[in-house]
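Undergrad: 3D model of this:
(2 chains)
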Amino acid sequence: MNPEGNNVPAIDVDNLTVSYGGRPALESASFAIDPGLMVGVIGPNGAGKSTLIKALVGFVRPDSGDIQICGVPARSAKGSIAYVPQRGDLDWDFPVTVEDVVMMARYARLPWWRSPDGSDKSAVRAAMDTLGIGNLHGRPIGELSGGQKQRVFLARALAQDAEVFLLDEPFAGLDAATEKELVKVLARVRAEGRTLLVVHHDLATAGDYFDRIILLNQKLFGYDTPQRMLRPDILRRVYEHKLEPFKHPIWEAAAS
Amino acid sequence: MISGFIHFFLVPLQEAYFQKALIAGSTVAIACGVVGCLVILNRMAFLGDALSHAMLAGVAGGYLFMQFVFGVEAHSLAMIIGSLVAALLAVTLVNFVSLVPRIKQDTAIGIMYSSAFSLGLVIISLFINRIHISISQFIMGDILSIADADLWATTFVCCLVLSFICIFFRYFQIASFDPVMAASIGVPLGLVQSTLTAGVALIVVTGINMVGVILIMGFLITPAATAYLICDRLARMMILAAIFGVTSVLVGLYLSLIINAAAGATIMLFASMQFLVVLIVAPNYGLLARWRHSPVGPPRKVLKRFVKSV
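TA: Numbers count the residues shown, from 1 in each chain, chains lettered A, B, ... in the order given. Below is the predicted model:
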């Protein structure tokens, strides 16, 4: 699948267990994602989707289990993971400009004694132009609209030139046009052979967006193609029968 | 007239005590401003308060240690190290107490802050014959009677902390803004956090000599908050906070001479006035700007109250 032609998974999670203050958030999850796939992480609120991402980037320490990114233990794979936070997780009053935020990506590979050079600046500029925010470079992030904010963080991920992208609810609260455009950008990233793991809450679009689906509710309910995963009987179990009012062809079909 | 004016500014400058107050005060103000920005953005203000109170125990401990073991009186380095140990213990205890989910961090800090301060008071009162620390100086500070050794220690500590922040600026910025992303690119979050805490502790220790334990938090936070109202970039906010700190020291010191008031408090009061003025007139985030942009104008209640108070 990947350019080298070997079969090392981009994300390899083995028996991952994470808990917060004694309460389990994620229980012995195992899956291996091949490079070049765009994978949706689906599950109800509090299912441990964000926890999975935070464990993958090394922000929360797992109780047990093993994570490998492109065949390297996650701990030493720093820099090859680009992370796009959930918009609600950030302090939008923080004094940074758009350009500052995108430049953060370059510090992943830059040693601490070196300041950004021309190549870093052009990478930052290119990423901002790709997402159409080049004209906003000097603006403080607090002044941006929701869609612009999401573009900034996607630009930061692009500027990092990472193998693996982890996105936490990137489309939440966006208008349809912006969502469509961002999905296109993500598709381009996948076409370059990179791997994307996207936390997503909209079952209606999940089948169109993703090559594979991870179903999660504390435990892993499955990792497979959307056709095999987005089936009413499976989703019922994942959502613990709380999804009935959801109006979607899948549910209509299930009801009849 | 003009010569009288110049005379007024120059005469105090010839006094050694005033020079030292100016130099030490400005140095601490610069460091406080820069560190204060990170304290504000990381919401550590209350933690800093706890640290400063815990230091009394540390100062007393360091003092007693040097006196009992080496027979040296009031050794400044030992007192600084003692305060750092106390600060470290205080932070560890806060984290330990907040392990129980029901005790939130601010509660834990509130508990530790008073108990650590009490411990300091108890130690000092037990060894009242051996320790010559003036509690009132610890609480109020005395910027006008700074010893040479303290001046050197202050300068050294401030330069140390400032250069650390300059060198690792990008990591402090990312870790404060987006800690998860920081973790994803390999920034050692724990190390950054403890370095920052240690930096706050160091600055507070040196500042206590000058403005005392009660005013030091204002010194740390007020100039930084003033700068925050004007700036949209962290580096600029830090520079501006340092400038606001220095102007407070400068104006405050002269003002205290004119009106013959306590120097530390006058400095702090001027810093607060600066903040109030900026709060009102700041171009984007000030009250006037907000009212101008809001369709309904200033809230009636606020106006009424303001008119009444005038």
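
Undergrad: hang on, A:G193 packs against A:P35?
TA: Yes. A:G193 is within contact range of A:P35, at 6.1 Å (criterion: CB atoms under 8 Å). Glycine gets a C-beta too; all of them are placed from N, C-alpha and C.

Undergrad: and the helices in the stretch 1-150 of chain B, which stretches?
TA: Per DSSP state H, counting those that start in this stretch, the stretch 1-150 of chain B carries helices over the ranges B:2-13, B:16-41, B:45-70, B:76-97, B:105-126, B:135-140, B:148-167.

Undergrad: circling back to that earlier point, which one's more surrounded, A:G193 and A:P35?
TA: A:P35 (21 against 14; other CB atoms under 10 Å in any protein chain shown).

Undergrad: need the pLDDT of that one.
TA: For A:P35, the pLDDT comes out at 94.

Undergrad: for B:V34, which residues are in contact?
TA: B:V34 makes contact with B:V161, B:L162, B:I165, B:M238, B:A241, B:A242, according to CB atoms under 8 Å, 6 or more residues apart in numbering or on different chains.

Undergrad: flag every residue of the stretch 1-150 of chain A that's near chain B.
TA: A:21, A:53-54, A:57-59, A:78-79, A:81-83, A:85, A:89-91, A:94-97, A:100-101, A:104-105, A:107-108, A:112, A:140, A:142 (CB under 8 Å from any CB of the partner chain).

Undergrad: now those residues: which count as buried?
TA: A:53-54, A:57-59, A:78-79, A:81-83, A:85, A:90, A:94-97, A:100-101, A:104-105, A:107-108, A:140 (16 or more other CB atoms under 10 Å in any protein chain shown).

Undergrad: where do the strands sit along the stretch 1-150 of chain A?
TA: Secondary structure of the stretch 1-150 of chain A (DSSP state E, counting those that start in this stretch): strands at A:11-20, A:23-33, A:38-42, A:64-69, A:72-73, A:81-84.

Undergrad: can you say which of those strands is packed in most?
TA: The highest mean neighbour count among the strands of the stretch 1-150 of chain A, using mean count of other CB atoms under 10 Å in any protein chain shown, belongs to strand A:81-84: a mean of 28.

Undergrad: partners of that strand in the sheet?
TA: strand A:164-168 (parallel) (DSSP bridges).

Undergrad: average pLDDT across the strand it pairs with?
TA: Rounded mean pLDDT across strand A:164-168 is 95.

Undergrad: do the same with stretch B:131-150
TA: 80.

Undergrad: quick check: end-to-end length of that stretch?
TA: End-to-end span of stretch B:131-150 (CA to CA, to the nearest Å): 18 Å.

Undergrad: any buried residues in it, and which?
TA: B:I131, B:I133, B:F138, B:M140, B:G141, B:D142, B:I143, B:L144, B:I146, B:D150.

Undergrad: show the end-to-end separation of stretch A:53-62, please.
TA: 11 Å.

Undergrad: list the contacts of that stretch.
TA: A:11, A:13, A:16-18, A:20, A:26, A:41, A:51, A:67, A:69, A:74-75, A:78, A:81, A:83, A:166, A:168, A:197, A:199, B:179-181, B:183-184, B:186, B:189.

Undergrad: what residues of the longest helix along chain B count as buried?
TA: In chain B, with assignment by DSSP state H, the single longest helix is helix B:189-228. Neighbour counts over helix B:189-228 (16+ other CB under 10 Å) mark B:189, B:192-193, B:195-228 as buried.

Undergrad: ok, now stretch A:186-198?
TA: In stretch A:186-198, counting by 16+ other CB under 10 Å, buried: A:L186, A:V189, A:R190, A:R194, A:T195, A:L196, A:L197, A:V198.

Undergrad: could you find the closest non-adjacent residue to B:L257?
TA: B:P12 (6.0 Å; CB to CB, 6 or more residues apart in numbering or on different chains).

Undergrad: tell me who's in contact with the one you found.
TA: B:F18, B:L253, B:Y254, B:L257.

Undergrad: do the same with B:Y254
TA: By CB under 8 Å, 6+ apart, the neighbours of B:Y254 are B:F9, B:P12.

Undergrad: show the subsequent helix or strand relative to the strand or helix carrying it.
TA: Using DSSP states H and E, B:Y254 falls within helix B:234-259. Downstream of helix B:234-259, the next assigned helix or strand under DSSP H and E is helix B:263-281.

Undergrad: now the next helix-or-strand element following that next one: buried residues?
TA: Once the chain leaves helix B:263-281, the next helix or strand it forms, by DSSP H and E, is helix B:287-293. By neighbour count with 16+ other CB under 10 Å, helix B:287-293 contains no buried residues.

Undergrad: tell me the mean pLDDT for helix B:287-293?
TA: Computed over helix B:287-293, the average pLDDT equals 81.

Undergrad: now residue 50, nearest residue through space, not along the chain?
TA: By default, I'm working from chain A. A:D168 (5.7 Å).

Undergrad: hmm, no, I was thinking of chain B.
TA: B:A50 sits nearest to B:Y113 (CB to CB, 6+ apart), 3.9 Å away.

Undergrad: quick check, central residue of chain A?
TA: A:L167 (2.0 Å; CA atoms, centre = their mean).

Undergrad: OK, contacts around the closest residue in space to that one that isn't next to it in sequence?
TA: Spatial nearest neighbour of A:L167, excluding adjacent residues (CB to CB, 6+ apart): A:V84 at 4.2 Å. A:V84 makes contacts with A:Q150, A:F153, A:L154, A:R156, A:A157, A:F165, A:L166, A:L167, A:D168, A:P170, as judged by CB under 8 Å, 6+ apart.

Undergrad: in CSV: the residues you listed, plus distance to B:I280.
TA: Below are these laid out as CSV (distance: CB to CB, whole Å):
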residue, distance to B:I280
A:Q150, 34
A:F153, 34
A:L154, 38
A:R156, 35
A:A157, 40
A:F165, 45
A:L166, 44
A:L167, 42
A:D168, 39
A:P170, 39
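
Undergrad: so what's the backbone phi/psi at the residue of chain A found nearest chain B?
TA: Minimum separation of chain A from chain B (CB to the nearest CB) falls at A:K78, amounting to 3.0 Å. Dihedral pair for A:K78: phi -60, psi 140, per degrees, to the nearest 10.

Undergrad: and it, what does it touch?
TA: A:G58, A:A108, B:S184, B:I185, B:G186.

Undergrad: tell me the first helix or strand C-terminal of the longest helix seen in chain A.
TA: Assignment by DSSP H gives helix A:176-191 as the longest helix of chain A. The element immediately downstream of helix A:176-191 (helix or strand, assigned by DSSP H and E) is strand A:195-199.
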